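In: pasting the sequence and the predicted model now:
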Amino acid sequence: MTSSEIAECRADMAAAATAVREILQALSAVPAMFGDHTWQGPSADRWATGWNARRTQLTRLFDAVLAEQPHLIARVEEAERRKAAS
Amino acid sequence: MGEFVGVDPENLKELTRRLEQLHELLARHSPLIQQKMQKWGSEVAVTSLPGLIAAALDDVRDMDARTTRAYELARQQGWSALGRAPGIPGLIYKRPPNVRLDWEATGQSGYQGKRDAETLTAALAAKDPQDVRLALLGLPDSLRRHLADKDYQAAFWAGAGPLALRAARALYQRAGGALFSAESLSVLRALGASLAAASQMRVGTGKDRRPLLPAATRATLTGSSDPWSVGMLVKYGPEGRSWDSRLLADLTRAMLDARAAGKTIWPPARGKLETNVDALRHQRLMADYDAVGAVLQRAAENGMAARHVLGDPATGLKYARMLVSDSWHTPGYDPGPFLSSYVRPGGALPPTGQVDLSAPTAAFLKAAVSAERGTSVDAKESAWSVVHIAQATADFSKLHPQTVLPREIRHALIYTADRYLPDFAASASHEFTASMAMQRGEDAASPWAPVVRPAELEALFGQALQEPKEFGAYKGKMDGRISVAVAATIKDPSDQNYLREMGGLYGMIQRIQGDHHFAEEQLKDEQATRTQTAISIVSGGFGALSFSNAFGPGTITQILVALAAPPLNAMFDTDFALQAYKSNADDFRAQVLHVEAPVLQGLILAGAITPPDDASWVKNGVVTRTAAMADWVSRHSDTRYLGKTFTEWVKEAQDAMRLQQ
């Protein structure tokens, strides 16, 4: 590993994080339109329940991506340190 | 019927917009996120992501359909977007009232397909193209969103079929430079893409599996009274391989039939043609918006579609006769009205200003003969296409003995002759009484091969080869195949003698060339091209035979493929060769016309000769012409290899190549 690889890893993580945050923001904007001001009826409520379940899946997945990023960067940095020490 | 739900149309529309934004970001960013993370060894499981993105798209489609229905119900209740309010001057925007809709039924995309078909119907009823364009502004997005949606596609094309096919005529601009505006092109592209996607969809399973577009809808497509508009959907639709080959074949037949019947296949004339420039411009417009050419081009890109058309034993010849013709150009115009009265002769003048349109026709002919060789149905259709093209060419020459086909069409014939060289060699050497596609010995394991009557074959070559260089290139390709012919003669499990058959074809081509009475200089060009082509093939390593399964089911196919020369292309720089030849003719001739080397190569290929380990004239099985090779040959000229001496093999090859000692 070289310092340029660390920089590249950080840049990739930053690009992925920006994309993830845009998606999470769009995801959180949807439920504001749920409820009585848009619909009144159990069929629509059931649809919203299904949608919320999918939202949970997406949120969990993208949260995991963000949580993993520091570890990936640390792994690259550690490899660089070992290489410099040897 | 499902449960009714009260909805606020405006808020439902905003919900749809947010769902659309979410899907757009998911579809755009997910590949990037995955790529960046996996590059650094991410272990986050993303297998569920494609399913979640697909579900997000379904959400958009469903909510979009509900929104459309909600606004429709509001309008039915007397709502209008612009209205007056007490105490406020002028028009103001009014929110639509709450309405009740069937949440489940209107959430199905089939409903949206039906609604879009109705929108299209209403829009195309308008007389002014500008009104049509405005009414259809939202349609392309909806069509694109539902490209992979079977329910939507079925409903849309069932409702919109006949009208969608006439869209081009309703949308074209009556004046100005371009025939279609950017918005109109967007509609035509979306309709074309939708039709192509629908054509490939299948519904049902097992025996019940059938095309999504029912027969009645397909019949509407092919039986349209406005072939030009249909052609524009295909022109602006996707590339040929995105279409169902059967539908494209049906469309091709329909377009060719319409052309033959004199139906409207050209773009509409816009205003009176006042001047010669107007008339020329209109010819150019006809070429740019050539509907038949557009369909032929897509069928050629598809490949199988072209083979369905020309490879049908019952109807292929009819369409081949339409294609192998000198009529592939715009109709031209009578220049008389634009000439000064002083120079205008009496009576009608021959049409002028014709624009050549034979390129898509030639591409179609090439595609029709381009299936991979073998025992498949596709290979069978390809072989039948070859037969029909040869027959159609013979018919054309009989009807128009003095007419030479357009260059593009002739090159398609040369391409066919290249690709089926061994089959044509076999046909030239036997007096077949009927032309047909067949499997040798009626053996299902034998590859499909065209058999062409010698008279029809002669007519095909008589049209295809016109210039000295064309004769030279074709003969050069045969020369380049002599090694393979030697090997194939040995390896073919039957007693077929490929060398003798090549000789028969050489004889036929020599006779045809003789009829042209080329001058001496032209014959030099012919010889130079022949030489260079042969060198290119031999040194390019084309047609290598491995015989990994000698005498097995694939042997004959392998022989046929190896014997078929690669098509002429820029790889063979014959002009450069001509210069080289003229600058050093004797050396060049000596290098190439030595038959010993290709014969030796063929015998090695067939395993009849095993070169000694220390032979310097062979490397990795490829013979190089050196003094050591000549020495080895002179020492083995009387040695027998598989029943013939080396000299006898050389003599047979020379006879086949019509070479003088």
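Out: It's in. Residues are numbered from 1 along each chain as shown, chains lettered A, B, ... in the order given.
In: can we go C-alpha only for contacts and neighbour counts from here?
Out: Will do.
In: what's the helix ranked longest in chain B packed up against?
Out: For chain B, the longest helix by residue count, based on DSSP state H, is helix B:9-39. Packing partners of helix B:9-39 (3 or more CA pairs under 8 Å, 6 or more residues apart in numbering or on different chains; DSSP states H and E): helix A:3-29, helix B:49-76.
In: what residues does chain A put near chain B?
Out: Contact residues, chain A versus chain B (CA under 8 Å from any CA of the partner chain): A:9, A:12-13, A:15-17, A:19-20, A:22-23, A:26-27, A:29-30, A:33-34, A:37-44, A:54, A:58, A:61, A:64-65, A:68, A:72.
In: between helix A:3-29 and the longest helix of chain B, find me the angle.
Out: Orientation check (axes from the mean of the first three to the mean of the last three CA atoms, to 10 degrees): helix B:9-39 against helix A:3-29 gives 160 degrees.
In: give me the angle between helix B:9-39 and helix B:49-76.
Out: Using the same axes, to 10 degrees: helix B:9-39 against helix B:49-76 is 170 degrees.
In: buried ones in helix B:9-39?
Out: B:9-13, B:15-27, B:29-30, B:32-34, B:36-37 (16 or more other CA atoms under 10 Å in any protein chain shown).
In: which residues touch the residue nearest in space to the middle of chain A?
Out: Geometric centre of chain A, nearest residue: residue A:62, 2.8 Å, by CA atoms, centre = their mean. Residue A:62 makes contact with A:20, A:24, according to CA atoms under 8 Å, 6 or more residues apart in numbering or on different chains.
In: tell me which element it falls in.
Out: helix A:42-85 (DSSP states H and E).
In: tell me the angle of that helix relative to helix A:3-29?
Out: 170 degrees.
In: for the residue in chain B positioned nearest to chain A, which residues are in contact?
Out: For chain B and chain A, the shortest gap (CA to the nearest CA) falls at residue B:7, measuring 4.3 Å. Taking CA under 8 Å, 6+ apart, we find residue B:7 in contact with A:38, A:39, A:40, B:70, B:98, B:99, B:100, B:101.
In: give me the beta-bridge partners of it?
Out: Legend: beta-bridge partners of residue B:7 under DSSP bridges are residue A:39, residue B:99.
In: just the buried residues of the residues of chain A next to chain B.
Out: A:9, A:12-13, A:16-17, A:19-20, A:23, A:26-27, A:30, A:33-34, A:38-41, A:43-44, A:54, A:58, A:61, A:65, A:68, A:72.
In: and the pLDDT at the residue in chain A that chain B sits nearest to?
Out: Residue nearest to chain B within chain A (CA to the nearest CA): residue A:39, separated by 4.3 Å. In the predicted model, residue A:39 carries a pLDDT score of 95.
In: pretty sure it is touching residue B:10, no?
Out: No. If you go by CA atoms under 8 Å, residue A:39 and residue B:10 don't touch, sitting 10.9 Å apart.
In: mind listing what the residue of chain B positioned farthest from its centre touches?
Out: In chain B, the residue that sits farthest from the middle, by CA atoms, centre = their mean, is residue B:87; the gap is 67.1 Å. By CA under 8 Å, 6+ apart, no residues touch residue B:87.
In: any idea of the pLDDT on it?
Out: 81.
In: now residue B:501
Out: For residue B:501, the predicted pLDDT is 82.
In: where's it, which helix or strand?
Out: helix B:498-516.
In: list the buried ones in that helix?
Out: In helix B:498-516, counting by 16+ other CA under 10 Å, buried: B:498-509, B:512-513.
In: pretty sure residue B:414 sits against residue B:464.
Out: Yes. Contact criterion CA under 8 Å: residue B:414 and residue B:464 qualify, at 5.6 Å.
In: which SS state does residue B:433 fall under?
Out: coil (DSSP: H, G, I helix; E, B strand; the rest coil).
In: phi, psi of it?
Out: phi -90, psi -20 (degrees, to the nearest 10).
In: quick check: chain neighbours aside, which residue is closest to it?
Out: Spatial nearest neighbour of residue B:433, chain neighbours left out: residue B:453 (6.1 Å); criterion: CA to CA, 6 or more residues apart in numbering or on different chains.
In: same thing with residue B:396?
Out: residue B:325 (6.9 Å).
In: how many residues are close by the one you found?
Out: By other CA atoms under 10 Å in any protein chain shown, 21 other residues sit near residue B:325.
In: doesn't it fall inside a helix?
Out: No. With three-state DSSP as the criterion, residue B:325 is assigned coil and is not in a helix.
In: what residues does it make contact with?
Out: Counting by CA under 8 Å, 6+ apart, residue B:325 touches B:396, B:405, B:406, B:409.
In: out of those, which sit inside helices?
Out: B:396, B:409.
In: for residue B:136, state which of the contacts of residue B:325 is nearest.
Out: residue B:409 (40.7 Å; CA to CA).
In: how close does the residue nearest to the closest one when sequence neighbours are not counted get to residue B:325?
Out: Counting by CA to CA, 6+ apart, residue B:409 lies nearest to residue B:362, which is 5.0 Å off, once chain neighbours are set aside. Separation of residue B:362 from residue B:325 (CA to CA, to the nearest Å): 10 Å.
In: shaky segments in the chain?
Out: You didn't say which chain, so I picked chain A. Across chain A, the ranges flagged by pLDDT under 70 are A:1-2.
In: that was the other one, I meant chain B.
Out: For chain B, the ranges with pLDDT under 70 are B:1-2, B:340-349, B:493, B:531-594, B:625, B:657-661.
In: near chain A, which residues of it show up?
Out: B:3-9, B:11-12, B:14-15, B:18-19, B:21-22, B:25-26, B:29, B:32-33, B:36-37, B:40-42, B:44-46, B:49, B:52, B:103-104.
In: need the contact partners of stretch B:406-425.
Out: Contacts of stretch B:406-425 (CA under 8 Å, 6+ apart): B:324-326, B:358-359, B:361-363, B:365-366, B:369-370, B:386, B:449-452, B:457, B:460-461, B:463-465, B:474, B:477, B:498, B:501-505, B:560, B:563-568.
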